[in-house]
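[1] no sequence on hand, only this structure:
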């Protein structure tokens, strides 16, 4: 418990530090002390006296918004990853390897193509809902494909995920091409990017993250028991089919909302829960909140790298950075799974 | 406590239990024996609600099994299964604490009372030394002891065991069964244990139920049913049942 609080504190400090550094990176130079004053001006206007409006706009409405979006998206993906791993008893599961992210991207692209992207329900945009529908659709497909004689195998499930993911990626490309969109929007949906995103997008994901995340955190104890196996969980008093259904829906909702604003950012949901388990252990009441923080930090760092690595000043899709970091980790898991995480 | 009436259970292709009727009263210590495939494990899984009933009825502490919510069922009976395939590296103490789940409310941290129960059952099962070890990194016998502790932490009036000590060495087996006997005699814990080891059953159970081909072949107090004749009909093997002087118990020798 104390250890988790310590880790939480460390992550919080790291996030603030990373946000501070990220705010100073970009083609428009803003001095560190100005950033600090502008941040403080959110609490009290008087702090920002004497700073020009361009710097103010860029710091608070461009960079800080993007930082918050990175935190929300990364946290959501890592949280979903932890849930998928626990519910499916599969250390290789995450929104990306299961094809759920691509399904969400497909749902969102389809909604945009059909002109539903701008619809809203009670002031909350419906785009994340379309992404959610796509996510559930993909998950169901993967589940059907991954089943052999009624049993789910870890590797076949991931294989099915990759098949579905590749297939839907192709459809996204086709839909986008038909819509005479540029190649860059295709790349956005398939490789993920936070480029040009602002506070409206944060507002778009946040309600879904809060609802889904709340449901997930509420079920931390059930997740622990599900990790002992279906029969164990049932005999310990968990309503297995109901809890599993609820958790899968919640994780897909969070994934869908994240993907609707960021496109497909791979490997975050896979890597983060594993790393966090090393630190705070496997109990989900510790694992879930810590994954949320660590996932946010990871995507924030990856996004900052994505927009500052290229000397030309062009941006990389953030999915490129997470895949370059996550791919080797995935290989490590595959090779060492017998020792650390028996499948 | 447990009332099974004309129970038929099966999987898609085959019928495993064919008309089993069985009453277990409070405070009994029942051994369920029988050859492989006789339906012992299926009976236990059906009693704990994992496999659906095809025909017949099961009543647990006065309530039909189907009407118990999972939590209520888990407060009435705990199960220790034979094979546990745990893939996630929980500390053993955390696993034992999970046994408290049916007693806890959703938005509530673990209470001091839960911690106290965990401490007590871990002392009883001699698993305190394993508390911080990972469940994935200990031997099969140690894991069975931890899962026994988890089941005891559930604090239920009924305990179902399915070969729950199969991976333990003989000294540990006896140690665990002595703990169960004490709980049975002092606190009225009802124990129903599926066992392969006839001699272990002969040492601790007071009643034996022999299953064969999904039916009950013999059922009664141990001194009545643990006979060469029953063993011959259940296992198709010649056996000698000999009393062990001074213990009031018998042991079975199978002939080569």
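    That came through, no problem. The model shown is predicted, which means the values in this text are computed figures rather than measured ones.

[2] mind checking which helix or strand whatever residue of chain B ends up closest to chain A is in?
    Closest residue of chain B to chain A, CB to the nearest CB: residue B:74 (2.9 Å). For glycine as for every other residue, the C-beta is placed from the backbone atoms N, C-alpha and C. Using DSSP states H and E, residue B:74 maps to helix B:70-76.

[3] after that helix comes which helix or strand?
    strand B:77-80.

[4] contact partners for the residue of chain B closest to chain A?
    Counting by CB atoms under 8 Å, 6 or more residues apart in numbering or on different chains, residue B:74 makes contact with A:235, A:236, A:237, B:101, B:102, B:154, B:156.

[5] distance to residue A:277 added to the residues you listed, as TSV?
    Shown next, in TSV, are the contacts of residue B:74 (distance: CB to CB, whole Å):
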residue	distance to residue A:277
A:235	25
A:236	21
A:237	25
B:101	21
B:102	26
B:154	26
B:156	31
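
[6] which residues in the stretch 1-150 of chain B form helices?
    In the stretch 1-150 of chain B, the helices defined using DSSP state H, counting those that start in this stretch lie at B:40-47, B:70-76, B:92-98, B:112-124, B:140-153.

[7] partner strands of the following helix or strand past the last one and their direction?
    Sequence-wise, the next helix or strand downstream of helix B:140-153 (DSSP H and E) is strand B:158-162. On the basis of DSSP bridges, the sheet neighbours of strand B:158-162 come out as strand B:77-80 (parallel), strand B:190-194 (parallel).

[8] pick the most deeply packed of those strands.
    Mean neighbour count (mean count of other CB atoms under 10 Å in any protein chain shown) peaks for strand B:77-80 among these, with a mean of 26.

[9] pretty sure residue B:169 contacts residue B:141?
    Yes. At 6.4 Å, residue B:169 and residue B:141 qualify as touching, with contact defined as CB atoms under 8 Å.

[10] any chance you could map the strands in the stretch 201-343 of chain A?
    Taking DSSP state E, counting those that start in this stretch, the stretch 201-343 of chain A contains no strands at all.

[11] can you pull the residues of it lying near chain B?
    Proximity of the stretch 201-343 of chain A to chain B is confined to A:218, A:221, A:224-225, A:227-229, A:231-232, A:234-240, A:277, A:281-283, A:341-343 under the rule CB under 8 Å from any CB of the partner chain.

[12] next: the stretch 1-150 of chain A.
    So the stretch 1-150 of chain A meets chain B at A:86, A:89, A:91 (CB under 8 Å from any CB).

[13] quick check: which element contains the first one?
    So that's residue A:86. Applying DSSP H and E, one finds residue A:86 within helix A:64-87.

[14] the residue positioned nearest the centre of chain A: what's it in contact with?
    Closest to where the C-alpha atoms of chain A average out (CA atoms, centre = their mean) is residue A:77, at 2.4 Å. Contact analysis of residue A:77 by CB under 8 Å, 6+ apart lists A:94, A:95, A:101, A:254, A:255, A:258, A:265, A:268, A:269, A:272, A:295, A:299.

[15] so which of these sit within helices?
    A:101, A:254, A:255, A:258, A:268, A:269, A:272, A:295, A:299 (DSSP state H).

[16] make CSV from these and add pLDDT to it.
    Formatted as CSV, the ones in helices among the contacts of residue A:77 follow (pLDDT from 0 to 100):
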residue, pLDDT
A:101, 93
A:254, 95
A:255, 94
A:258, 94
A:268, 93
A:269, 93
A:272, 93
A:295, 96
A:299, 96
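
[17] now the buried members of those.
    Neighbour-count burial (16 or more other CB atoms under 10 Å in any protein chain shown) is assigned, among those, to A:101, A:254, A:255, A:258, A:268, A:269, A:272, A:295, A:299.

[18] do you know how far the second one is from chain B?
    Okay, so that is residue A:254. For residue A:254, the distance to chain B equals 20 Å [CB to the nearest CB, to the nearest Å].

[19] again, but for the first one
    Here residue A:101 is placed at a distance of 23 Å from chain B (CB to the nearest CB).

[20] hang on, isn't that residue packed against residue A:134?
    No. At 9.5 Å, residue A:101 does not count as touching residue A:134 under the criterion of CB under 8 Å.

[21] residues touching the closest residue to residue B:153 other than its chain neighbours, list them.
    The spatially closest residue to residue B:153, leaving aside those adjacent along the chain, is residue B:99, at 3.3 Å (CB to CB, 6 or more residues apart in numbering or on different chains). By CB under 8 Å, 6+ apart, residue B:99 lies in contact with A:236, B:78, B:118, B:121, B:149, B:150, B:151, B:152, B:153, B:154.

[22] for chain B, which residues are neighbours of chain A?
    B:45, B:48-50, B:69-71, B:73-75, B:78-79, B:81, B:84-91, B:94-95, B:98-99, B:101-102, B:104, B:106-107, B:136, B:150, B:154.

[23] kindly reformat the helices of the stretch 1-150 of chain B as JSON lines containing distance to residue A:32 and mean pLDDT.
    As requested, the helices of the stretch 1-150 of chain B are exported to JSON lines (distance: least, CB to CB, whole Å; pLDDT from 0 to 100):
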{"stretch": "helix B:40-47", "distance to residue A:32": "64", "mean pLDDT": "93"}
{"stretch": "helix B:70-76", "distance to residue A:32": "55", "mean pLDDT": "94"}
{"stretch": "helix B:92-98", "distance to residue A:32": "44", "mean pLDDT": "95"}
{"stretch": "helix B:112-124", "distance to residue A:32": "48", "mean pLDDT": "93"}
{"stretch": "helix B:140-153", "distance to residue A:32": "53", "mean pLDDT": "94"}
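
[24] having no further points to raise, I will conclude here.
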